[in-house]
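Q: here you go, sequence then predicted model.
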Amino acid sequence: MFSAQDVIAQAPHRNRHRQEDVASHDRSESQRVRLLLMARLREMMESRGLTQVQAASWFHVSQSRISHLVNDKANRFTTDTLINMLAHAGVHIDLGFQRNTRIPS
């Protein structure tokens, strides 16, 4: 019986790099989505001239979360949290999908 480490060790070198490339791409796409949602939240705050305390109340989060938002700390948020913050402010999100032609199918 093989362990997971044995299987990984036996995998061809190029397959490990491919897996790492896919994982890296997934992380970057996830971060891109979080950054887009964060930008929309900041735009909403700025257009209404809200303080961090007022925005926290509107988005149903703590003021420290708004500080993370203002300081562009994407790693402090999940996509779910950002979507919920927008929902509390009355925003409905529609998703669109496009095929990325740079990644082989």
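A: That came in fine, so what should we check first?

Q: centroid-nearest residue for this protein?
A: The centroid of the chain falls nearest to Arg34 when counting by C-alpha atoms, centre = their mean (3.0 Å).

Q: next one: that one from Thr101, what distance?
A: To Thr101, Arg34 is 23 Å away according to C-beta to C-beta, to the nearest Å. C-beta coordinates here come from the backbone N, C-alpha and C atoms, glycine included.

Q: if we can go back for a sec, let me see the mean pLDDT of the host helix or strand of the residue nearest to the centre of the chain.
A: Using DSSP states H and E, Arg34 sits within helix 13-48. Taken as a whole, helix 13-48 has a mean pLDDT of 77.

Q: before we move on, what about stretch 54-62?
A: The model assigns stretch 54-62 a mean pLDDT of 98.

Q: alpha carbons of it, as CSV, please.
A: The C-alpha coordinates for stretch 54-62 follow below in CSV (Å, rounded to 0.1, in the frame of the first residue of the first chain):
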residue,chain,number,x,y,z
GLN,A,54,-21.1,54.0,9.7
ALA,A,55,-20.0,51.5,7.0
ALA,A,56,-19.5,48.8,9.6
SER,A,57,-23.1,49.2,10.7
TRP,A,58,-24.4,49.3,7.1
PHE,A,59,-22.5,46.2,6.1
HIS,A,60,-23.1,44.4,9.4
VAL,A,61,-19.5,43.9,10.4
SER,A,62,-17.1,45.3,12.9
